[in-house]
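A.B. asks: Let's see this in three dimensions:
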Amino acid sequence: MYNTSNEILIESAEINLLVTEGLVDKSKKAFTNIIKKIKEFIRKVLMYIKSKLSNKIKAVDNNIKKAKVDETETETLEEPITLANSEKLNSLLKCVEKMVDSAKKIPITYNRNVLDELHDTMTNEYDNLMSLYEKYKDNIDETYTKITPSMYDIYGEINRKCHDITNNIDTHTRILGDTLELYSRSPGVYSAEYMKLLAKTQAIITKAITVTEFVTNSCNRSITNLYH
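C.D. replies: Got it, this is the predicted structure:
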């Protein structure tokens, strides 16, 4: 089981390397190893979502509810505090949603043009998120001199979006697992186009988890700064 999202990133990179090598080899054995690796990846990702990410989001929600009870008026601070910019967080989650939606289901068809078109769509949404994440990940914070009760609601709403997106990632990951189980004995799976699609799908799952966790961590850090 993964203990951190960094471990997911490492294994995702290993899968991409396997796919790159498999596309050169083009043997059924190489493609079989890729599918086996992705199945194991799926199993561990689902465990991580259930035991780590979902629990973290719940803990943040509880922290928000607890902190909000004590804040009923706008407070002007002597020293500014650092909080995550809520618009940037929402923009990241919107990109995550679009990216995951682009990879909702591996198609039954093995038509090369259909697979290539889907791969291009998924790649475009993945690149859009990567670009925005690189722009914001080290520039997500701003300083504030006033605290309003509505700030707790704003971060609470963002964290609930993280919950919904996490459920969506979980569903998509299960669909991918079921699809692989159903079609892994079909000759059409053992094609370069299908391998590239599988590689992009697992990369999307990985990045969706990474960014969603980044957002919920940002909410938690902001609530901690507000409360203390």
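A.B. asks: Scan this protein for its longest strand.
C.D. replies: When the chain is parsed with DSSP state E, its longest strand is strand 75-84.
A.B. asks: Low-confidence ranges, this protein, go.
C.D. replies: For the chain, residues meeting the criterion pLDDT under 70 lie at 68-73, 105, 107-110, 183-190, 228.
A.B. asks: where along it do the helices fall?
C.D. replies: 5-25, 28-48, 54-68, 86-102, 112-136, 150-183, 192-227 (DSSP state H).
A.B. asks: Okay, angle between the shortest one and helix 150-183 too, please.
C.D. replies: Helix 54-68 and helix 150-183 are oriented at 170 degrees to each other (axes from the mean of the first three to the mean of the last three C-alpha atoms, to 10 degrees).
A.B. asks: In helix 54-68, which residues are buried?
C.D. replies: Ser54, Lys56, Ile57, Val60, Asp61, Asn63, Ile64, Ala67, Lys68 (16 or more other C-beta atoms under 10 Å). To be clear about C-beta, it is placed using only N, CA and C from the backbone, and glycine gets the same treatment.
A.B. asks: Looking at those residues, spot the one nearest Glu78.
C.D. replies: Nearest to Glu78 among those is Ala67, at 19.6 Å by C-beta to C-beta.
A.B. asks: So that closest one sits against Ile223, correct?
C.D. replies: Yes: with contact defined as C-beta atoms under 8 Å, Ala67 counts as touching Ile223 (5.5 Å).
A.B. asks: Give me the sheet partners of the longest strand of the chain and which way each runs.
C.D. replies: Using DSSP bridges, strand 75-84 pairs in its sheet with strand 141-147 (antiparallel).
A.B. asks: returning to that earlier point: JSON lines for the helices of the chain, including distance to Thr74?
C.D. replies: As requested, those are exported to JSON lines (distance: least, C-beta to C-beta, whole Å):
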{"stretch": "helix 5-25", "distance to Thr74": "36"}
{"stretch": "helix 28-48", "distance to Thr74": "39"}
{"stretch": "helix 54-68", "distance to Thr74": "14"}
{"stretch": "helix 86-102", "distance to Thr74": "17"}
{"stretch": "helix 112-136", "distance to Thr74": "27"}
{"stretch": "helix 150-183", "distance to Thr74": "9"}
{"stretch": "helix 192-227", "distance to Thr74": "12"}
